[in-house]
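S.K.: please find the sequence and the predicted model below.
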Amino acid sequence: MREGLSLSHHQGERLLLRTDSAMKILISQPQPTTAKSPYFDLSEKYGVEVVFRPFIKVESLTAKEFRSQKVSILDHTAVVFTSRHAVDHFFELSKEMRIAIPDTMKYFCISDLVANYIQKYVQYRKRKVFFGDNGRVDGIMPSIIKHKDEKYFVPVSDVHTSELKNLLDQNGIFHSEAVMYRTVSNNFEPDELKGFDMMVFFSPAGVDSLKKNAPDFVQGDVVIGCFGDVTAKAVENAGLRLDIKAPSPGITSMAAAIDQFLAKKK
């Protein structure tokens, strides 16, 4: 454990004083924008120091890079969004290229959270916004099949699976995929990754970023946690020991998995 730690969370909203034996946990996500976060609750409950520092960032392709794919957004009548990143980069890149998205465009979203997020850019209307019921791509397929005569545009990251494409192909749905954003590694100072007792990852790209920024990283007693099977596989492939994994039976969130781990260590 580290010695002599103190921490101020969320721009001074919560001042959490630590003892000399406070555990220091790195959460590889952006700092929460509100004081309501399960990670702040963990900090208070167990007297641990939580540091938010993303290992990766998402950036948009340039207009030139997008055009090189020779896909026209306006040749389509519907868009499939699998994340809020996809929403942001679709509308922002369209605006940069001066593409006016017609009011008749329909939107099919992987979840209600993504569907609600669209309101940031367009007026939400039930007749043109649809979402799945389980947060997975197969959950939105019934709505897509019901509107199978639409021509679907699918904005994706430079690293993505073929699951949605395969489902659309299997059901004879016209669609075009195009990369609109990419994930890149954040850069860390040489000593910035030292002194953590726990590191938590949420994507394979985050694990890759650790190896890039600290190629000589030795895990030792450092606890490694991750969310999702794909991320777990990346941890194992990197030669690291996986100590905490979510989701798991009865545990649906990463914060809950950390809570369970810390409770056993008390």
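M.R.: Nice, thanks for sending it over.
S.K.: correct me if wrong: residue 122 contacts residue 102.
M.R.: No - the criterion here is C-beta atoms under 8 Å, and residue 122 misses it with residue 102 at 10.6 Å. C-beta here means a position set from N, CA and C on the backbone, and glycine is covered the same way.
S.K.: so these two - more neighbours on which side?
M.R.: Taking other C-beta atoms under 10 Å, residue 122 and residue 102 do not tie; residue 122 has more neighbours (15 against 8).
S.K.: could you check the pLDDT of the more buried one?
M.R.: You'll see residue 122 listed with a pLDDT of 90.
S.K.: repeat that for residue 4.
M.R.: 32.
S.K.: then residue 125?
M.R.: 76.
S.K.: so which bits of stretch 24-35 are buried?
M.R.: Within stretch 24-35, the residues that count as buried by 16 or more other C-beta atoms under 10 Å are 24-29.
S.K.: distance to residue 136 added to the residues you listed, as a markdown table?
M.R.: Listed next are these as a markdown table, based on distance: C-beta to C-beta, whole Å:
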| residue | distance to residue 136 |
| --- | --- |
| 24 | 34 |
| 25 | 29 |
| 26 | 28 |
| 27 | 24 |
| 28 | 23 |
| 29 | 21 |
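S.K.: mind checking which of those residues land in strands?
M.R.: The members of these that map onto strands under DSSP state E are 24-27.
S.K.: and stretch 244-252, what's buried?
M.R.: Result for stretch 244-252 [16+ other C-beta under 10 Å]: buried residues 244-246, 251.
S.K.: looking at these, which one is closest to residue 144?
M.R.: residue 246 (29.2 Å; C-beta to C-beta).
S.K.: the nearest residue to that closest one once chain neighbours are set aside and residue 86: what is the separation?
M.R.: Excluding the flanking residues, the one nearest residue 246 by C-beta to C-beta, 6 or more residues apart in numbering is residue 257, at 3.9 Å. According to C-beta to C-beta, to the nearest Å, residue 257 stands 27 Å off from residue 86.
S.K.: compare neighbour counts for these two and give me the winner.
M.R.: residue 86 (24 against 21).
S.K.: wait, is the more buried one part of a helix?
M.R.: Yes - counting by DSSP: H, G, I helix; E, B strand; the rest coil, residue 86 is part of a helix.
S.K.: isn't it right up against residue 156?
M.R.: Yes - using C-beta under 8 Å, residue 86 is in contact with residue 156, at 7.2 Å.
S.K.: which neighbours do those two have in common?
M.R.: residue 180 (C-beta atoms under 8 Å, 6 or more residues apart in numbering).
S.K.: could the buried residues of stretch 24-35 go into TSV alongside distance to residue 181 and pLDDT?
M.R.: Formatted as TSV, the buried residues of stretch 24-35 follow (distance: C-beta to C-beta, whole Å; pLDDT from 0 to 100):
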residue	distance to residue 181	pLDDT
24	32	96
25	28	97
26	25	97
27	22	97
28	19	95
29	17	92
